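> Quick check, what structure comes out for this input:
(one chain, ligands or ions: 1)
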Amino acid sequence: MSLNWIAPAQRIQKLPPYVFARLDELKAKAREQGLDLIDLGMGNPDGATPQPVVEAAIEALQNQRNHGYPPFEGTANFRRAITNWYYRRYDVKLDPDSEALPLLGSKEGLAHLAIAYINPGDLVLVPTPAYPAHFRGPVIAGGQVHNLVLKPDNGWLIDLASIPDEVAKKAKILYFNYPSNPTAATAPREFFEEIVAFARKYEILLVHDLCYAELAFDGYQPTSLLEIPGAKDISVEFHTMSKTYNMAGWRVGFVVGNRHIIQGLRTLKTNLDYGIFAALQTAAETALQLPDSYLQEVQQRYRTRRDFLIKGLADLGWQIPKTKATMYIWVPCPAKIGSTDFALDVLQQTGVVVTPGNAFGVGGEGYVRISLIAECERLGEALHRFKQAGIHY
Ligand SMILES: Cc1ncc(COP(=O)(O)O)c(C=O)c1O
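Model (predicted):
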């Protein structure tokens, strides 16, 4: 007997196509053939979780009190570590009981926020290109996504002035993310001031994703939306432990900001999950308390790789401006080749995996994203293969 007649819910059918399918197929085939793949596709940090964090987890694992269901709202200690970190880092005061909520990774929270706040037909403003959960979450919730197309001439910043008044009036939520995945663009503080003024004028909930808060270089310090006066009335901000602390597999993130919005998300999650294993929350507390020397080390690692790759790409004809943050380089495809075809070409000819830009929405067409998740030696090997295969701009 087959269950083929049971169709997935429309909310699943409405999701944009999954552009990784063909890439995944080719990757699997290459692995089967024993080819030496250089996978620069995902934003999956290659470093180890810092040893003090691992040790804190082991110790917490030995404590039987951590073995039961964790508190729905996260442990009080982790919430306090989050708000202390915010105060230290951004000089923003938050209440650990009502303005901070641990998440099973920020992706979970970003998508569930849409389910908690979007009714079918609600208008949601989402930049394109963007991290997929920013538009897939609203689609799953039945929202109507209005694309804010980002352009290189505007530094990949949202052009707020180009949003028609009637669209802004209808919009309920605006998702955004600087430093940005996938473009690596950063936004000046004035942009944050403008977007807060815009959201207050039109009564829109701002959802800012600050996952790359710490991966910044050359003295650049990313802005937290919550630093802007009046922002907390109309916004929430998401963070992850995955990138800075090499904890992608641990599934720990958090959201901070407006208490009313956080309460809605907490109510939804209380019905869906039990939160993060308490031992991992203890370890995450340790991560947030690591000395600045740890951050400097991480930043140095990505900065060195950034410089190496940008220089190597320049030798192949790509003039990529120096990025100020993130672990990505956003690379235009050679003329007349689409993102998917270029990524497939690169994979087939060189065994190097890059992500087609259209995985991040229509606004990413014509680009591929390269993640700085390998040492310079491997990046050098990738560049060498590009050269041999005649791949250039
Ligand atoms: C912008 C952005 N937000 C969220 C996430 C998801 O992070 P997490 O591991 O916390 O779910 C990523 C991961 O790549 C990301 O790039």
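
> On the pLDDT front, check the closest residue to N84 other than its chain neighbours for me.
Distance criterion CB to CB, 6 or more residues apart in numbering; nearest residue to N84, sequence neighbours excluded, is L288 at 7.6 Å. All C-beta spots, glycine's among them, are computed from the backbone N, C-alpha and C. L288 carries a pLDDT value of 98.

> these two touch, right, L288 and A81?
Yes: contact criterion CB atoms under 8 Å: L288 and A81 qualify, at 4.7 Å.

> the more surrounded of those two?
Ranked by neighbour count (other CB atoms under 10 Å), L288 and A81 place A81 first, with 23 against 20.

> ok, and the more buried one, which helix or strand is that part of?
helix 76-90 (DSSP states H and E).

> which helices and strands sit right next to that helix?
Other elements packing on helix 76-90 under the criterion 3 or more CB pairs under 8 Å, 6 or more residues apart in numbering; DSSP states H and E are strand 100-103, strand 253-257, helix 278-288.

> how about the helix or strand harbouring V124, does it reach the ligand?
Using DSSP H and E, V124 sits in strand 123-128. No: using CB under 6 Å from any ligand atom, strand 123-128 never reaches the ligand; the gap is at least 11.3 Å.

> pLDDT (mean, whole number) over that strand?
Mean predicted lDDT for strand 123-128 stands at 98.

> okay, that strand in PDB with CA atoms only?
The C-alpha coordinates for strand 123-128 follow below in PDB (Å, rounded to 0.1, in the frame of the first residue of the first chain):
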ATOM      1  CA  LEU A 123       2.100  41.200   4.300                       C
ATOM      2  CA  VAL A 124       5.700  40.600   5.300                       C
ATOM      3  CA  LEU A 125       8.600  42.600   3.900                       C
ATOM      4  CA  VAL A 126      11.700  40.500   3.200                       C
ATOM      5  CA  PRO A 127      14.900  41.600   1.500                       C
ATOM      6  CA  THR A 128      16.100  39.400  -1.400                       C
END
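
> by contact count, what packs against it?
Partner elements for strand 123-128 (3+ CB pairs under 8 Å, 6+ apart): helix 133-140, strand 144-149, helix 165-170, strand 171-176.

> what residues are up against the nearest residue to K107 once chain neighbours are set aside?
Excluding the flanking residues, the one nearest K107 by CB to CB, 6+ apart is A133, at 4.9 Å. If you count contacts by CB atoms under 8 Å, 6 or more residues apart in numbering, A133 has them with 107, 110-111.

> hmm, back to that, mind checking which of the helices and strands packed on helix 76-90 is nearest the ligand?
strand 253-257 (3.8 Å; CB to the nearest ligand atom).

> who does the following helix or strand past that closest one touch, helix- and strand-wise?
For strand 253-257, the following helix or strand on the C-terminal side (DSSP H and E) is helix 259-272. On a contact count with 3+ CB pairs under 8 Å, 6+ apart, helix 259-272 meets strand 100-103, helix 106-117, strand 235-240, strand 253-257.

> Distance to L372, mean pLDDT and mean neighbour count added to the ones you listed, as JSON lines?
Shown next, in JSON lines, are the helices and strands packed on helix 259-272 (distance: least, CB to CB, whole Å; pLDDT from 0 to 100; neighbours: other CB atoms under 10 Å):
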{"stretch": "strand 100-103", "distance to L372": "25", "mean pLDDT": "98", "mean neighbour count": "26"}
{"stretch": "helix 106-117", "distance to L372": "20", "mean pLDDT": "98", "mean neighbour count": "23"}
{"stretch": "strand 235-240", "distance to L372": "17", "mean pLDDT": "98", "mean neighbour count": "26"}
{"stretch": "strand 253-257", "distance to L372": "21", "mean pLDDT": "98", "mean neighbour count": "27"}
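
> Can you name the residues of this structure that neighbour the ligand?
Residues of the chain lying close to the ligand (CB under 6 Å from any ligand atom) are 43, 105-107, 131, 177, 181, 209, 211, 240, 242, 248, 253.
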